[in-house]
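K.L.:
Need coordinates for the following:
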Amino acid sequence: MLTGKEATCVLDLFGPVPSWAVRQLDLVGTPVEKSGGALISYRLVGAAIPTAKELLTDMLWMQPRD
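P.N.:
Next comes the predicted model:
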């Protein structure tokens, strides 16, 4: 999704995550209305996507799904 000149994406989490991870996501993203059964959804700007991906894959062993 493109907004202005910066790419954004919506991150949907379908399982519970620890509170420390939620706090980190609050810092790099903007909470948005939950979509399609997600427990938590965040809008991330392009620069924050690698940070969020690293947090979820390295610290929580989650894997992205398209």
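
K.L.:
give me the beta-bridge partners of residue 29?
P.N.:
Note on residue 29: beta-bridge partners residue 44, judged by DSSP bridges.

K.L.:
Would you indicate which residues of stretch 38-48 are buried?
P.N.:
Residues 38, 40-44, 48 are the ones in stretch 38-48 that count as buried (16 or more other Cβ atoms under 10 Å). Heads up, the C-betas are built off the backbone N, CA and C, glycines and all.

K.L.:
tally of neighbours for residue 27?
P.N.:
Using other Cβ atoms under 10 Å, residue 27 is surrounded by 9 other residues.

K.L.:
State the mean pLDDT of the helix or strand containing it.
P.N.:
Take DSSP states H and E as the rule and residue 27 turns out to sit in helix 19-28. The pLDDT scores in helix 19-28 average 94.

K.L.:
packing partners for it?
P.N.:
strand 40-45, helix 49-54 (3 or more Cβ pairs under 8 Å, 6 or more residues apart in numbering; DSSP states H and E).

K.L.:
among these, which gets the worst mean confidence?
P.N.:
For the helices and strands packed on helix 19-28, mean pLDDT drops lowest on helix 49-54, to a mean of 88.
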